[in-house]
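J.: any chance you can model this:
(2 chains)
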Amino acid sequence: MNAIFKRELRSYFSSPIGYVCIAILAALYGFFYFMVMAYGSSSYIPSVVYNTMFSFSMLVIPIITMRSMTDDQKNKTDQILLTAPVGVTAIVLGKFLACFVVFFGASTFGLLPAVAMSAFSSPSWGEVLGNYIGTLLYGGAMISIGVFISSLTVSQIIAAIGTFAVSVLLMFIDNLASSINNAAAAAVVDWISFSNRYNVFTRGLFSVPSLVFFLSVMAVFIFLTARRLESRRWS
Amino acid sequence: MVEVRNLTKRYGANLAVDQVSFTIEEGSIVGFLGPNGAGKSTTMNIITGYLSASEGSVTVSGKNTLDEPNEVKKLIGYLPEQPPLYLDMTVKEYLDFVYDLKKAGQPKKQHIEEICQLVKIDNVYGRLIGNLSKGYKQRVGIAQALIGNPPVLILDEPTVGLDPKQIIEIRTLIKNLGRNHTVILSSHILPEVQAVCERIIVINNGRLVADGATDTLAHDLSQDHRLILRAEGPEREMLHAMEALEKVKEVHSLGEKEPGAYEFSVETQPDQDVRRDLFALMVRNGWPMLALKNTDLTLEDLFLQLTSSDAAAAGKGE
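T.: Below you'll find the predicted structure:
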């Protein structure tokens, strides 16, 4: 797993893709923090920075994950992974972690302006860190879904669009819940809703159920991707 | 070392490999021969654990691929048809990665250096794999299979894309590796298999159609056993003398090939060696024997015969 993780992570930075993803997110974080400064109060950080950055993060994640499983299938390099003494779960985990570290790096850059700001102001760190952790958890769950979708196809474009479609669906699933008449169905949709889980963190609260929820989503999709990889041997 | 039993692989309704069984002893070099699409690569992919068999079992060194997949994978070095190379890595990075991936136990730097010298890629060590020529990529692929020094090497068309000099080098390398490895290699280049392998397994339409030592396979499978003899002497007398021999079934004269020398086609009884009797006869009569050769099928004839559809049907009956 370690070898795969290191190789994947390196591949993000031997092509422009890793730099571009991190640079775009870091620049946007910088820009929205600048807006906060223009408004003149650090209390705008959650609403101005994280509220918008959430959408941009969801745009960047499909680009990070789209090549994770597709490239190996296309270049036949999956043959070396699957014939090496490593389990399929370890392969998927290595790839997932590499994607996550890229996203983690980009999101962590987003904390720098808040650190700089704290020199002459006192931003609410509870809210900033809550948003940061929420972004990482929601992002991690989306990355696991993205990795899974990329294992379904050999085309990077299809993987990216598919992941993007799922993240858009998840963004609007709340609106769906409120328009469903059936209480049971609405409850299910409400329970699935990533945003509800995420919103807890944005208020600067730490929620163990939400943490468990996001970690479970990651575990489920890593498991599914591993099954998908395994199933290819039988087709 | 490698035992394959009743291996079958179905792709939907298509039968890619059909009830293939063979055993390969430790330290032998075995050639997999067959036309394109015969099931060579599929069989190799199943042995290495890349694909799963629909039926049948593969055991390597007593370990079943389904029960202990990771243990079996440790024993096998595999060069697939298309070398599994990451084009965005340098040769060094790639081999380091493979070393870590296989969790090889040897001292890392020394082990990789040795392999690079063995396959002669030390001069491209720091270059990006994507920028290498096909021959060098192929060698990096072989190097990758050698990492961890696995006892079994499975090489799918190892000399494809190499120039003639490299082909000879790689063949020599494989022969040398065969001294302390079990090697299975596939090819559709017949002289290559003949030059390198001790044993040949011929696969056609997913079925095993022939299996035997390289030297005797052609002889054993030849339908008729005929010798061509050229000797100097009177045509008719020689003909009758030979026909009188016990083990000889039929003799035809092929006419005068050199001044005073005639050529005969001598058909023998099955499983009888008549060469010594012929020699003694010629000596007794003072007819100088100028040539004696058997007309066993060449590997080429054999290959064509086995892989034509009639022979495939005949092989089924075995």
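
J.: distance of A:Ile161 from A:Ile63?
T.: Separation of A:Ile161 from A:Ile63 (CB to CB, to the nearest Å) stands at 11 Å. From N, CA and C alone the C-beta is placed, and that goes for glycine too.

J.: compare those two (neighbour count), which wins?
T.: Applying other CB atoms under 10 Å in any protein chain shown to A:Ile161 and A:Ile63 shows that A:Ile63 carries more neighbours, namely 19 against 15.

J.: so who does that one touch?
T.: A:17, A:21, A:160 (CB atoms under 8 Å, 6 or more residues apart in numbering or on different chains).

J.: those residues in helices, which ones?
T.: A:17, A:21, A:160 (DSSP state H).

J.: out of these, which is nearest to B:Ile167?
T.: Of all the ones in helices among the contacts of A:Ile63, A:Ile17 has the smallest distance to B:Ile167: 38.4 Å, by CB to CB.

J.: for that closest one, which non-adjacent residue is spatially closest?
T.: A:Ile63 (7.0 Å; CB to CB, 6 or more residues apart in numbering or on different chains).

J.: and if you look at B:Arg179?
T.: B:Arg179 sits nearest to B:Gly27 (CB to CB, 6+ apart), 7.2 Å away.

J.: distance of that neighbour from chain A?
T.: 22 Å (CB to the nearest CB, to the nearest Å).

J.: so can I have TSV of the contacts of A:Ile63 showing pLDDT and distance to B:Lys293?
T.: As requested, the contacts of A:Ile63 are exported to TSV (pLDDT from 0 to 100; distance: CB to CB, whole Å):
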residue	pLDDT	distance to B:Lys293
A:Ile17	90	65
A:Cys21	92	71
A:Ala160	95	67
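
J.: who does the helix or strand hosting B:Val183 pair up with?
T.: Using DSSP states H and E, B:Val183 sits in strand B:182-187. Looking at strand B:182-187 with DSSP bridges, its partner strands are strand B:29-33 (parallel), strand B:152-156 (parallel).

J.: got a pLDDT number for the residue in the stretch 151-300 of chain B positioned nearest to chain A?
T.: Here the stretch 151-300 of chain B gets closest to chain A at one residue, B:Ile154, 9.0 Å apart by CB to the nearest CB. Looking at B:Ile154, its pLDDT reads 94.

J.: buried ones in the host helix or strand of the residue nearest to A:Ile17?
T.: Assigned by DSSP H and E, A:Ile63 falls within helix A:51-65. The neighbour-count check on helix A:51-65 (16 or more other CB atoms under 10 Å in any protein chain shown) flags A:53-54, A:57-65 as buried.

J.: figure out how far that helix is from the centre of its chain.
T.: Chain-centre distance of helix A:51-65: 7 Å, with CA atoms, centre = their mean, to the nearest Å.

J.: stretch B:104-122 now?
T.: 27 Å.

J.: pLDDT of the helix holding A:Ile63, averaged?
T.: Mean predicted confidence for helix A:51-65 is 92.

J.: doesn't B:Thr23 lie inside a helix?
T.: No. Counting by DSSP: H, G, I helix; E, B strand; the rest coil, B:Thr23 is not part of a helix but strand.

J.: close to chain A: what parts of the stretch 51-200 of chain B are there?
T.: Residues of the stretch 51-200 of chain B found near chain A (CB under 8 Å from any CB of the partner chain) are B:51-52, B:70-71, B:73-74, B:76, B:78, B:80, B:82, B:84-89, B:93, B:97-98, B:100-103, B:144.

J.: now B:Val20, what's its secondary structure?
T.: Quick answer, by three-state DSSP: B:Val20 is strand.

J.: now do B:Lys257
T.: strand.

J.: give me the pLDDT for it.
T.: So, for B:Lys257, pLDDT stands at 84.

J.: next up, the contacts around it.
T.: B:230, B:263.

J.: residues in contact with A:Met218?
T.: With CB under 8 Å, 6+ apart, A:Met218 has these contacts: A:96, A:140-141, A:143-144.

J.: related to what we said a few turns ago, can you lay out the strands paired with strand B:182-187 as JSON lines showing mean neighbour count?
T.: Output for these, formatted as JSON lines (neighbours: other CB atoms under 10 Å in any protein chain shown):
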{"stretch": "strand B:29-33", "mean neighbour count": "25"}
{"stretch": "strand B:152-156", "mean neighbour count": "24"}
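
J.: possible to save those as TSV with distance to A:Asn182?
T.: Formatted as TSV, these follow (distance: least, CB to CB, whole Å):
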stretch	distance to A:Asn182
strand B:29-33	61
strand B:152-156	57
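
J.: nearest approach to A:Gly110 belongs to which of the ones you listed?
T.: strand B:152-156 (48.0 Å).

J.: right, and the helix or strand after that closest one?
T.: Immediately after strand B:152-156, counting by DSSP H and E, sits helix B:164-177.

J.: up against chain B, what does chain A have?
T.: Residues of chain A lying close to chain B (CB under 8 Å from any CB) are A:2-4, A:6-7, A:10-11, A:14-15, A:75-87, A:233-235.

J.: of the residues you listed, which belong to helices?
T.: Short answer: these in helices (DSSP H) are A:2-4, A:6-7, A:10-11, A:14, A:75, A:78-82.
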